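Enquirer: What follows is a predicted protein model with its sequence.
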2 protein chains.
Amino acid sequence: MTIHYPNGTQYRPQPVNQPEHAKSALVKHGGRGMTLEQEINESNQYYLAHDIAVIHKKPTPIQIVKVDYPKRSAAVIREAYFRRPSTTDYNGIYRGRYIDFDAKETKEKTRFPLDNFHQHQVEHMRSCLKQGGICFGLIKFVTLDQLYLLKATDLINYWDAQGSAKGRKSIPLTAFQTLAIPIKYSLNPTIAYLDAVDQLI
Amino acid sequence: MTIHYPNGTQYRPQPVNQPEHAKSALVKHGGRGMTLEQEINESNQYYLAHDIAVIHKKPTPIQIVKVDYPKRSAAVIREAYFRRPSTTDYNGIYRGRYIDFDAKETKEKTRFPLDNFHQHQVEHMRSCLKQGGICFGLIKFVTLDQLYLLKATDLINYWDAQGSAKGRKSIPLTAFQTLAIPIKYSLNPTIAYLDAVDQLI
């Protein structure tokens, strides 16, 4: 017998045989509600504390216009503006190698829009690659709860192709599944992205 | 005949037989009035433009408390405070190597007071050295117009000795003359500090 709700839609029972990893994903980081930035910062703290790597997020660049110096207390910035960063957000050293990357989240389910990156960030990655650095993007499909390491060379290929006839304004998820390295969530570190970096060195 | 000013002090003619390098120093960078930070930033721009190295100063870390979002104009930070940085100010990549350093100016003429550095900056250098990074301080004796590259290992030796019986709260200029690498001013780049780094690699 088919059960109908008063509005006429058919009743569909909730699936109870969800795969284990999907359930634990919901509990573990969905539940903690961390942003990708927080996940990376936590992981970097773990890597630093265990002498594995020294990688930090750079502070947000600010243009300071007015500062008050009240007596007997700390200077207060009273007028300042956000500036566009001229580099990527994260850099440091791992296994003697220079590491440089940016982290981006998207709510899209089938593609990663390239306008998440800025021209100067791509140029910065190009410069670092020339010097022999390890450069990449950490891209999170938030809705799908999937995280990938995409090599800067692949990112730059898509970036440069935007202007051409066959170029696209985004990288399809299928390209990530082929080109990029998936990163699993764990307890310590939260995201073991340096395991993925090992595959680049 | 001795000439006296009305206040009774003796007239002393300005020395005219200044050594050539001192005069050119006065004209070249004294005249331009650049801080050490500006000199380094200019040099880094030169190194970047010539594909020699990618080294940037990190933005000043700020704790943002209040932001206004006026209609049709950029967000304005209305209350924020300076935070103490947890790393050194400069890092990047040169000849495939991770570079990490801090820059300090002193008006002292015979010694560099160690309290120009903070504990966390020294710990950060220690961590970077463990990973195989090239770490150092660029120390400028402003009054003497002398600039030195001091290896992080030497800096750390003095830092750690502070607590001991023979320890000092400063590094004598004579130690710089023995241990450190002097850096000359030039036109392009303003300070060729990577020439000194070449001696560390």
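Expert: Looks like it arrived, so ask away.

Enquirer: Which secondary structure elements does the longest helix belonging to chain A sit against?
Expert: Longest helix in chain A, counting residues (DSSP state H): helix A:36-49. Here helix A:36-49 is seen to pack against strand A:53-57, strand A:90-94, strand A:97-106, strand A:134-141, helix A:193-198 when contacts are counted using 3 or more CB pairs under 8 Å, 6 or more residues apart in numbering or on different chains; DSSP states H and E. Where you see a C-beta, it was placed from the backbone N, CA and C, and this is true even at glycine.

Enquirer: which residues touch that helix?
Expert: Counting by CB atoms under 8 Å, 6 or more residues apart in numbering or on different chains, the neighbours of helix A:36-49 from elsewhere in the structure are A:29, A:34, A:52-57, A:90, A:92, A:94, A:103-105, A:138, A:140, A:147, A:188-194, B:127.

Enquirer: Distance check, the residue nearest to the spatial centre of chain A against chain B.
Expert: Among the residues of chain A, the smallest C-alpha distance to the mean C-alpha position (CA atoms, centre = their mean) belongs to A:Ala103, namely 2.9 Å. In this structure, A:Ala103 and chain B are 17 Å apart, going by CB to the nearest CB, to the nearest Å.

Enquirer: same deal with A:Phe141?
Expert: The spacing between A:Phe141 and chain B, counted by CB to the nearest CB, is 27 Å.

Enquirer: and the closest residue to that residue other than its chain neighbours, what pLDDT?
Expert: The spatial neighbour of A:Phe141 that comes closest, neighbours along the chain excluded (CB to CB, 6 or more residues apart in numbering or on different chains), is A:Thr106 at 6.0 Å. The score at A:Thr106 is 97. That number is its pLDDT.

Enquirer: what's A:Thr106 in contact with, if anything?
Expert: If a contact means CB under 8 Å, 6+ apart, then A:Thr106 has A:Phe112, A:Pro113, A:Asn116, A:Ile139, A:Lys140, A:Phe141, A:Val142 as its contacts.

Enquirer: How about the contacts made by the second one?
Expert: Put plainly, it is A:Pro113. Contacts of A:Pro113 were listed using CB under 8 Å, 6+ apart, and they are A:Thr106, A:Lys169, A:Ser170.

Enquirer: so where is chain A shaky, pLDDT-wise?
Expert: Low-confidence segments of chain A, defined by pLDDT under 70, are located at A:1-32.

Enquirer: that older thread, would you agree the residue nearest to the centre of chain A is in contact with A:Lys58?
Expert: No. With contacts counted by CB atoms under 8 Å, A:Ala103 stays clear of A:Lys58, the gap being 11.9 Å.

Enquirer: Identify the contacts common to the two.
Expert: Between them, A:Ala103 and A:Lys58 have A:Asp89, A:Tyr90 as joint contacts when contacts are counted by CB under 8 Å, 6+ apart.

Enquirer: on that earlier part again, any idea how far A:Ser170 is from the residue nearest to A:Phe141?
Expert: Computed with CB to CB, to the nearest Å, the distance linking A:Thr106 and A:Ser170 is 9 Å.

Enquirer: Show me which of the contacts of A:Thr106 is closest to chain B.
Expert: Sorting the contacts of A:Thr106 by how near they are to chain B, with CB to the nearest CB, puts A:Asn116 at the top with 19.4 Å.

Enquirer: what's the distance between that closest one and A:Leu200?
Expert: Taking CB to CB as the measure, A:Asn116 falls 21 Å from A:Leu200.

Enquirer: what does A:Pro85 give?
Expert: Here the criterion is CB to CB. By it, A:Pro85 lies 23 Å from A:Leu200.

Enquirer: ok, the two, which is more surrounded?
Expert: Taking other CB atoms under 10 Å in any protein chain shown, A:Pro85 and A:Leu200 do not tie; A:Pro85 has more neighbours (18 against 15).

Enquirer: Now the more buried one: closest residue in space that isn't a chain neighbour?
Expert: With CB to CB, 6+ apart as the criterion, A:Pro85 has its nearest non-adjacent residue at 5.4 Å, and that residue is A:Pro61.

Enquirer: ok, now which ones touch that neighbour?
Expert: A:Phe82, A:Arg83, A:Arg84, A:Pro85, A:Ser86, B:Pro59.

Enquirer: repeat for A:Phe176
Expert: Remark: with contacts taken as CB under 8 Å, 6+ apart, A:Phe176 is in contact with A:Phe112, A:Ile139, A:Phe141, A:Gln146, A:Tyr148, A:Leu150.

Enquirer: Now render these as JSON lines, adding neighbour count.
Expert: What follows is the contacts of A:Phe176, written out as JSON lines (neighbours: other CB atoms under 10 Å in any protein chain shown):
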{"residue": "A:Phe112", "neighbour count": "25"}
{"residue": "A:Ile139", "neighbour count": "24"}
{"residue": "A:Phe141", "neighbour count": "19"}
{"residue": "A:Gln146", "neighbour count": "17"}
{"residue": "A:Tyr148", "neighbour count": "23"}
{"residue": "A:Leu150", "neighbour count": "22"}
